[in-house]
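> What would the 3D arrangement of this be:
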Amino acid sequence: MTTPRTKRYPCSTCDAEQPHRQLDKAEREQLKERLGRAGVNEFWICVNVLDPASGKQCRNLRTGWTMKPFPKPIRLPEPE
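Predicted structure coming up:
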């Protein structure tokens, strides 16, 4: 199994530059279904920890080129 690539990008939800990673296979499948698209490889997910006690992450989506690719922010739910 490969480790997803990570980069630091500005996050529109966190209002700061935060670490982002590429989506894993399950997240890509979930986003394809949600958006009705065939490919979602251009998206990155913010992995900034919002609540250290619970480990809850921001999980806001962006592309490498656009900080706000959607009119309203889209976040992927936490994995179960």
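> Is it correct that Leu79 is in contact with Ala26?
That one is not Leu; residue 79 is Pro. Yes: Pro79 is within contact range of Ala26, at 7.3 Å (criterion: Cβ atoms under 8 Å). C-beta: built from backbone N, CA, C; applies to glycine.
> got the buried residues for stretch 58-66?
If you call a residue buried by 16 or more other Cβ atoms under 10 Å, then stretch 58-66 has these buried ones: Cys58, Arg59, Asn60, Leu61, Arg62.
> Now do the contacts for the third one.
Neighbour list for Asn60: Cys11, Ser12, Thr13, Cys14, Ile45, Cys46, Pro73, Ile74, Arg75 [criterion: Cβ atoms under 8 Å, 6 or more residues apart in numbering].
> Backbone dihedrals for Pro69, please?
When read as degrees, to the nearest 10, the backbone of Pro69 gives phi -80, psi -10.
> what sits against it?
Counting by Cβ under 8 Å, 6+ apart, Pro69 has contacts Phe43, Leu61, Arg62, Thr63.
> can you tell me how far it sits from Val49?
23 Å (Cβ to Cβ, to the nearest Å).
> Kindly report the same for Arg28.
Arg28 is 22 Å from Val49, by Cβ to Cβ.
> Repeat that for Leu31.
21 Å.
> same thing with Thr66?
24 Å.
> so Glu33 sits in a strand?
No: applying DSSP: H, G, I helix; E, B strand; the rest coil, one finds Glu33 to be helix, outside a strand.
> I figured Pro42 hits Thr63, correct?
Pro isn't right for residue 42; it's Glu. Yes: contact criterion Cβ under 8 Å: Glu42 and Thr63 qualify, at 4.7 Å.
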